[in-house]
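S.K.: What follows is a predicted structure for the sequence shown.
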Amino acid sequence: MATKKIIVVDDDETIRKTFFLLLHKNFKVYLAKNAREALQRFRRSAIDLIITDVKLPDMTGLEMVAEFRKAHNEAPVVLISAYPDLIKLEELEKLKIGYFFVKPLDLEALTRSINYILIPPETRALSL
(Lines give C-alpha, C1' and ligand atoms only; values in the text may rest on other atoms or scores of the structure.)
Protein backbone atom coordinates (compact mmCIF):
# COMPACT_ATOMS: atom_id res chain seq x y z
CA MET A 1 0.00 0.00 0.00
CA ALA A 2 1.39 3.41 -0.97
CA THR A 3 2.06 5.91 1.78
CA LYS A 4 -0.95 8.19 2.22
CA LYS A 5 -0.32 11.93 1.97
CA ILE A 6 -1.76 14.41 4.43
CA ILE A 7 -1.55 18.19 4.34
CA VAL A 8 -1.97 20.18 7.54
CA VAL A 9 -2.92 23.83 6.99
CA ASP A 10 -2.76 26.07 10.05
CA ASP A 11 -1.09 29.40 10.75
CA ASP A 12 -0.14 28.19 14.24
CA GLU A 13 3.31 26.62 14.06
CA THR A 14 2.74 24.63 17.26
CA ILE A 15 -0.33 22.97 15.76
CA ARG A 16 1.54 22.14 12.55
CA LYS A 17 4.45 20.63 14.47
CA THR A 18 2.08 18.65 16.72
CA PHE A 19 0.34 17.13 13.71
CA PHE A 20 3.68 16.32 12.11
CA LEU A 21 4.94 14.53 15.22
CA LEU A 22 1.63 12.71 15.59
CA LEU A 23 1.37 11.51 11.99
CA HIS A 24 4.76 11.33 10.27
CA LYS A 25 5.51 7.72 11.23
CA ASN A 26 2.53 6.36 9.28
CA PHE A 27 1.88 9.03 6.65
CA LYS A 28 3.68 11.53 4.41
CA VAL A 29 2.85 14.86 6.06
CA TYR A 30 3.03 18.23 4.31
CA LEU A 31 2.71 21.44 6.31
CA ALA A 32 1.35 24.78 5.11
CA LYS A 33 0.98 28.00 7.10
CA ASN A 34 -1.66 29.47 4.78
CA ALA A 35 -4.05 28.57 1.99
CA ARG A 36 -1.72 29.79 -0.76
CA GLU A 37 1.00 27.33 0.29
CA ALA A 38 -1.56 24.54 0.52
CA LEU A 39 -3.01 25.25 -2.93
CA GLN A 40 0.52 25.19 -4.39
CA ARG A 41 1.07 21.78 -2.77
CA PHE A 42 -2.24 20.50 -4.17
CA ARG A 43 -1.02 21.36 -7.67
CA ARG A 44 2.23 19.40 -7.15
CA SER A 45 1.05 16.34 -5.23
CA ALA A 46 -1.99 14.12 -4.91
CA ILE A 47 -3.30 14.59 -1.37
CA ASP A 48 -5.25 11.88 0.45
CA LEU A 49 -6.42 13.98 3.41
CA ILE A 50 -6.65 17.70 4.20
CA ILE A 51 -6.55 18.91 7.80
CA THR A 52 -7.22 22.63 7.93
CA ASP A 53 -8.02 25.38 10.35
CA VAL A 54 -10.99 27.57 9.51
CA LYS A 55 -9.20 30.86 10.16
CA LEU A 56 -6.19 31.27 7.89
CA PRO A 57 -4.35 34.53 7.14
CA ASP A 58 -5.13 34.71 3.41
CA MET A 59 -8.57 33.05 3.10
CA THR A 60 -10.75 30.80 5.20
CA GLY A 61 -10.21 27.08 5.34
CA LEU A 62 -13.65 26.69 3.75
CA GLU A 63 -12.66 28.91 0.81
CA MET A 64 -9.47 26.89 0.39
CA VAL A 65 -11.42 23.61 0.36
CA ALA A 66 -13.77 25.09 -2.25
CA GLU A 67 -10.75 25.90 -4.46
CA PHE A 68 -9.43 22.39 -3.90
CA ARG A 69 -12.80 20.89 -4.85
CA LYS A 70 -12.81 22.86 -8.15
CA ALA A 71 -10.02 20.53 -9.28
CA HIS A 72 -12.53 17.68 -8.84
CA ASN A 73 -10.65 16.33 -5.88
CA GLU A 74 -12.76 14.39 -3.43
CA ALA A 75 -10.10 13.91 -0.73
CA PRO A 76 -11.58 13.86 2.77
CA VAL A 77 -11.28 16.99 4.88
CA VAL A 78 -10.88 17.39 8.63
CA LEU A 79 -11.80 20.92 9.66
CA ILE A 80 -10.50 22.32 12.95
CA SER A 81 -11.47 25.56 14.63
CA ALA A 82 -11.50 27.42 17.91
CA TYR A 83 -14.64 29.17 16.65
CA PRO A 84 -17.34 26.53 16.10
CA ASP A 85 -20.05 29.20 15.99
CA LEU A 86 -18.65 30.42 12.65
CA ILE A 87 -19.36 27.07 10.97
CA LYS A 88 -22.65 26.29 9.25
CA LEU A 89 -23.67 22.69 8.65
CA GLU A 90 -24.81 23.60 5.13
CA GLU A 91 -21.28 24.76 4.25
CA LEU A 92 -19.77 21.52 5.52
CA GLU A 93 -22.24 19.45 3.51
CA LYS A 94 -21.76 21.52 0.34
CA LEU A 95 -17.98 21.09 0.50
CA LYS A 96 -18.23 17.42 1.56
CA ILE A 97 -16.41 18.03 4.83
CA GLY A 98 -17.15 15.03 7.00
CA TYR A 99 -15.06 15.73 10.09
CA PHE A 100 -15.00 18.77 12.38
CA PHE A 101 -12.97 19.16 15.58
CA VAL A 102 -13.01 22.06 18.02
CA LYS A 103 -9.80 23.46 19.50
CA PRO A 104 -8.36 22.62 21.93
CA LEU A 105 -8.06 19.34 20.07
CA ASP A 106 -8.68 15.88 21.47
CA LEU A 107 -5.63 14.31 19.82
CA GLU A 108 -6.70 10.74 20.59
CA ALA A 109 -10.10 11.19 18.91
CA LEU A 110 -8.48 13.02 16.02
CA THR A 111 -5.92 10.24 15.51
CA ARG A 112 -8.68 7.61 15.54
CA SER A 113 -10.59 9.58 12.89
CA ILE A 114 -7.52 9.98 10.67
CA ASN A 115 -6.78 6.25 10.90
CA TYR A 116 -10.42 5.47 10.13
CA ILE A 117 -10.32 7.73 7.07
CA LEU A 118 -7.01 6.55 5.61
CA ILE A 119 -6.45 2.97 6.72
CA PRO A 120 -8.43 0.33 4.78
CA PRO A 121 -10.91 -1.60 6.95
CA GLU A 122 -9.16 -4.92 6.36
CA THR A 123 -5.89 -3.60 7.83
CA ARG A 124 -7.30 -1.13 10.35
CA ALA A 125 -7.39 -3.58 13.28
CA LEU A 126 -3.74 -4.43 12.72
CA SER A 127 -2.67 -0.77 12.59
CA LEU A 128 -4.41 0.63 15.64
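M.R.: Sure, I can see it. Numbering: from 1, shown residues only.

S.K.: Centre-most residue in the protein?
M.R.: residue 51 (1.3 Å; Cα atoms, centre = their mean).

S.K.: who does that one bridge with?
M.R.: Beta-bridge partners of residue 51, counted by DSSP bridges, are residue 8, residue 78.

S.K.: quick one: residue 101 and residue 107 touch, right?
M.R.: No. Counting by Cβ atoms under 8 Å, residue 101 does not reach residue 107; the two are 9.6 Å apart. Just so you know, the C-beta spots here come from the backbone N, C-alpha and C atoms, and that holds for glycine as well.

S.K.: Between those two, tell me which one has more neighbours.
M.R.: residue 101 (17 against 12; other Cβ atoms under 10 Å).

S.K.: beta partners for that one?
M.R.: Beta-bridge partners, per DSSP bridges, of residue 101: residue 80.

S.K.: for it, what are its contacts?
M.R.: Residues near residue 101 by Cβ atoms under 8 Å, 6 or more residues apart in numbering: 78, 79, 80, 81, 109, 110, 113.

S.K.: Can you flag the buried ones in the residues you listed?
M.R.: Buried subset of these (neighbour count, 16 or more other Cβ atoms under 10 Å): 78, 79, 80, 81, 110, 113.

S.K.: out of those, what pair is the most spread apart?
M.R.: Comparing all pairs in the buried ones among the contacts of residue 101 by Cβ to Cβ, the longest separation belongs to 81 and 113, at 15.2 Å.

S.K.: Is residue 105 located within a strand, as I assumed?
M.R.: No. Residue 105 is assigned coil when assessed by DSSP: H, G, I helix; E, B strand; the rest coil, not a strand.

S.K.: how close does it sit to residue 79?
M.R.: 12 Å (Cβ to Cβ, to the nearest Å).
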